[in-house]
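A.B. asks: would you be able to build a 3D model of this:
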Amino acid sequence: METKHCDYLIIGGGAAGCTLGYLLRKAGANVLILERLDAKQKDKLCAGMISNWCREEIIKIFGEEAWSALDAEPISVVEEFFGGYELILRGDTFYTMPRKRLDDYFLNSYIKLGGQIKDLATVRKINLETNSAECVELRTKKIFHVRFGNLIGADGAASTVRKLTTGKKPRISFALESTIPLVGKNIIFDHLPDGSVGYRWYIPHRHDATVGAIYFFSHTNPTADYAKSCREWLSDFCRSRAISLTQSLRGACLPAGDDVLLRTGENIYFIGDAAGLIRTPSGEGIPFALLSARKLAESFLGGTSYEEAMQPAKEKVTNEATNARKFQFLNNLRVLKQGKNSRKGECV
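C.D. replies: Numbers count the residues shown, from 1 in each chain. Coordinates of the predicted model:
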């Protein structure tokens with residue numbers, strides 16, 4: 001039976017995993033990434049909106065040339081809705097781009113440095129005593145083993161590494177999305193009613209747009225049919241704006257935000273969605289993927305311990321998740337008050 005050896009075994013070849021792999025390869029480490037899907041073909045669900053914070057993280061890690069190469073489109077007008085009131089925000093620049101373009105850049109940057117990636121493969125058993133993982137090629141069902149120095153879970157909100165090493169499933173939320181023809185050039189957020197934590201969105205790109213809805217499970221009725229509710233809310237949102245859902249909806253799990261785990265055991269770490277890092281109720285996760293990858297790489301290379309470096313981010317995520325209903329209420333109140341009192345609902 002084949003046995004591979006590496007300093008760092010990263011499970012998950014998305015933004016977090018490939019960014020960490022890139023930084024470690026840049027330092028000369030022996031890195032292996034396992035990716036459950038076809039690494040070059042996968043197209044992860046994501047609204048495709050990039051904040052200034054995310055832009056700054058990309059530049060810190062990959063340089064100014066990376067941001068230029070990504071060719072993001074700036075959008076400075078955001079329309080927010082709640083309870084029939086509209087608030088138009090101008091001046092805070094966001095950027096949009098297809099998520100696949102972003103992920104492909106991270107993947108190719110890692111591969112160009114000689115990084116190894118084995119896609120259509122995943123881990124199914126972890127032996128902490130021998131620092132080894134039993135893995136499987138999903139296409140052929142062939143079993144192989146990997147001996148590692150450190151194991152990093154970067155395998156998304158429903159992280160297999162977390163389940164195998166803690167015996168618990170991570171707490172997750174749910175989102176739906178569809179690609180549609182371009183029908184407007186402004187970003188739209190429509191906050192969910194009835195005290196639910198989440199929102200509907202319309203995010204324009206150059207040639208098309210995405211519409212979707214995100215619903216944070218752990219802060220709502222635990223017996224609800226979340227997928228059904230999410231689908232109904234998104235359908236109502238599209239009908240109210242005469243948007244036709246021309247393609248089938250895609251669903252995805254996201255972290256709940258109240259279940260952050262950065263490390264378990266001596267040499268098992270988690271980054272990005274697998275660590276439970278997300279902003280509730282905004283759903284922003286890509287900056288946390290980049291930040292956690294950067295901080296873990298710095299820790300491995302002799303910097304501040306990962307847990308210490310990530311403590312402010314962990315506290316922020318946990319606080320926002322714990323108080324998600326409060327933040328949602330205050331945000332809705334802001335839209336109601338400013339949208340009602342500002343001329344034509346504008347806030348410049």
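A.B. asks: use CA for all of it now, contacts and neighbours both
C.D. replies: OK.
A.B. asks: now stretch 101-111: buried residues?
C.D. replies: Neighbour-count burial for stretch 101-111, counted by 16 or more other Cα atoms under 10 Å, picks out Arg101, Leu102, Asp103, Asp104, Tyr105, Phe106, Leu107, Ser109, Tyr110, Ile111.
A.B. asks: if you could redo that for stretch 17-30, that was the one I meant.
C.D. replies: Buried residues in stretch 17-30, defined by neighbour count with 16+ other Cα under 10 Å: Gly17, Cys18, Thr19, Leu20, Gly21, Tyr22, Leu23, Leu24, Arg25, Ala29, Asn30.
A.B. asks: okay, that stretch in PDB with CA atoms only?
C.D. replies: This file holds the C-alpha atoms of stretch 17-30, laid out as PDB (Å, rounded to 0.1, in the frame of the first residue of the first chain):
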ATOM      1  CA  GLY A  17      -5.800  25.500   2.000                       C
ATOM      2  CA  CYS A  18      -4.000  26.800  -1.100                       C
ATOM      3  CA  THR A  19      -3.000  30.000   0.600                       C
ATOM      4  CA  LEU A  20      -1.400  28.200   3.500                       C
ATOM      5  CA  GLY A  21       0.200  25.800   1.000                       C
ATOM      6  CA  TYR A  22       1.600  28.700  -1.000                       C
ATOM      7  CA  LEU A  23       3.100  30.400   2.100                       C
ATOM      8  CA  LEU A  24       4.700  27.100   3.300                       C
ATOM      9  CA  ARG A  25       6.000  26.200  -0.100                       C
ATOM     10  CA  LYS A  26       7.500  29.700  -0.400                       C
ATOM     11  CA  ALA A  27       9.500  28.900   2.800                       C
ATOM     12  CA  GLY A  28      10.600  25.500   1.200                       C
ATOM     13  CA  ALA A  29       8.400  23.200   3.200                       C
ATOM     14  CA  ASN A  30       7.200  19.800   1.900                       C
END
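A.B. asks: off-centre distance for it?
C.D. replies: 20 Å (Cα atoms, centre = their mean, to the nearest Å).
A.B. asks: got the contact list for that stretch?
C.D. replies: If you take Cα atoms under 8 Å, 6 or more residues apart in numbering as the criterion, stretch 17-30 is touched by 6-8, 10-12, 31-33, 61, 106-107, 109-111, 113-115, 154-155, 271, 290, 293-294, 296-297.
A.B. asks: quick one: the helices in the stretch 151-300 of the chain, in order.
C.D. replies: With helices called from DSSP state H, counting those that start in this stretch, the stretch 151-300 of the chain shows them at 160-166, 226-240, 286-300.
A.B. asks: show me what the second one is packed up against.
C.D. replies: In this structure, helix 226-240 makes packing contacts with strand 172-181, strand 198-204, strand 208-215, judged by 3 or more Cα pairs under 8 Å, 6 or more residues apart in numbering; DSSP states H and E.
A.B. asks: circling back: and the buried residues of stretch 101-111, which is closest to Gly339?
C.D. replies: Distance to Gly339, by Cα to Cα, is smallest for Leu102 among the buried residues of stretch 101-111, at 34.1 Å.
A.B. asks: can you pull the contacts of the closest one?
C.D. replies: Going by Cα under 8 Å, 6+ apart, Leu102 touches Ala15, Leu70.
A.B. asks: Val77 contacts Arg90, correct?
C.D. replies: Yes - with contact defined as Cα atoms under 8 Å, Val77 reaches Arg90; the gap is 4.9 Å.
A.B. asks: for the two, indicate the residue with more neighbours.
C.D. replies: Val77 (18 against 14; other Cα atoms under 10 Å).
A.B. asks: for Leu87, see how far away the more buried one is.
C.D. replies: 10 Å (Cα to Cα, to the nearest Å).
A.B. asks: tell me which residue lies nearest the centroid of this structure.
C.D. replies: The chain has Gly285 as the residue nearest its centroid, 3.9 Å off, counting by Cα atoms, centre = their mean.
A.B. asks: for the protein, longest helix please?
C.D. replies: Criterion DSSP state H: the longest helix present in the chain is helix 324-341.
A.B. asks: next, the angle strand 198-204 makes with it.
C.D. replies: Between helix 324-341 and strand 198-204, the angle comes out at 60 degrees (axes from the mean of the first three to the mean of the last three Cα atoms, to 10 degrees).
A.B. asks: any chance of the buried residues of stretch 17-30 in a markdown table, plus secondary structure, pLDDT and distance to Ala66?
C.D. replies: Output for the buried residues of stretch 17-30, formatted as a markdown table (DSSP: H, G, I helix; E, B strand; the rest coil; pLDDT from 0 to 100; distance: Cα to Cα, whole Å):
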| residue | secondary structure | pLDDT | distance to Ala66 |
| --- | --- | --- | --- |
| Gly17 | helix | 98 | 17 |
| Cys18 | helix | 98 | 15 |
| Thr19 | helix | 98 | 13 |
| Leu20 | helix | 98 | 16 |
| Gly21 | helix | 98 | 16 |
| Tyr22 | helix | 98 | 13 |
| Leu23 | helix | 98 | 14 |
| Leu24 | helix | 98 | 18 |
| Arg25 | helix | 98 | 17 |
| Ala29 | coil | 97 | 22 |
| Asn30 | coil | 98 | 24 |
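A.B. asks: with that, I have no additional questions.
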